[in-house]
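Peer 1: the following comprises the amino acid sequence and a computationally predicted model.
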Amino acid sequence: MRSPDRLRRPSYPWSKGRPCTNFELGPPRGGRSPLRPGQPERRTHDYRRAGTTDLFAALDVQAGRVIGHCARLHRSVEFRTFLDEVEANVPADLDVHRVLDNAATHKTKLIHDWLLKRPRWHLHFTPTSASWLNLVEGWFALLARRQLQRGVFETTDNPERAIHAYINQTNAEPKPFVWTKSADDILASVKRFCQRTSNSDQ
């Protein structure tokens, strides 16, 4: 879910998240029905899937800006197109640090050869089942909750427009994600939780 206007060189200017894959699309008569004042959310029995779209996103962790690219397929070709877009938007004097999950798309010969020609790129892979370590995941959650969650999309063009509108909104007033607790506070909270759930004071 990264803009070139930075005045100083950050240590880790770019972070890449896993694609938000398979936004399910359905006609208004299927799946969720649009909300109206005084009417609760409804779902119908005749939901059918009308298509999917993948979102490749890169988050500038210092500035809070996002570069996003929607694609109908999730192959290394689409991923490389996205990398080209990031490459074009990051100033040439900056290193690019990418945080990725372990998807096979990120490890093909096409991507490997592309990276060999660009020594300023550095990849960092999250451990299995630890994609939450990637800051762009927080932005994906905001995108889903604020822009997509209650949407009714008849074609894949509709959510793609909604996604790009949210990217533009994010970049108009970017806000970086900031940890509000120290590591000690987080570990103390985990310890308290473990003590409560194990009924032990050890």
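Peer 2: Cool, the structure landed. What you see is a predicted model, and the numbers here were worked out from it, not measured in a lab.

Peer 1: C-alpha from now on. contacts and neighbour counts both.
Peer 2: Fine.

Peer 1: measure Q195 to A188 for me?
Peer 2: 11 Å (Cα to Cα, to the nearest Å).

Peer 1: wait, I meant S129
Peer 2: Counting by Cα to Cα - S129 and A188 are separated by 23 Å.

Peer 1: neighbour count winner among the two?
Peer 2: Using other Cα atoms under 10 Å, the more surrounded residue of S129 and A188 is A188, with 12 against 9.

Peer 1: which element, helix or strand, includes that one?
Peer 2: In this assignment (DSSP states H and E), A188 forms part of helix 183-198.

Peer 1: need the helix or strand of the chain with the lowest average pLDDT.
Peer 2: strand 15-16 (a mean of 41; mean pLDDT, DSSP states H and E).

Peer 1: quick one: contacts for S76?
Peer 2: Listed by Cα atoms under 8 Å, 6 or more residues apart in numbering, the contact partners of S76 are T105, H106, T108, L110, I111.

Peer 1: so where do the strands sit in the chain?
Peer 2: Along the chain, counting by DSSP state E, strands occupy 15-16, 31-32, 43-44, 54-59, 66-71, 96-100, 121-125.

Peer 1: show me what the fourth one packs onto, helices and strands only.
Peer 2: Here strand 54-59 touches strand 15-16, strand 66-71, helix 76-89, helix 136-143, going by 3 or more Cα pairs under 8 Å, 6 or more residues apart in numbering; DSSP states H and E.

Peer 1: tally of neighbours for L59?
Peer 2: That count, for L59 with other Cα under 10 Å as the rule, works out to 27.

Peer 1: do I have it right that it meets R65?
Peer 2: Yes - contact criterion Cα atoms under 8 Å: L59 and R65 qualify, at 5.9 Å.

Peer 1: check the offset of stretch 125-141 from the chain's centre.
Peer 2: Mean-position distance between stretch 125-141 and its chain equals 8 Å (Cα atoms, centre = their mean, to the nearest Å).
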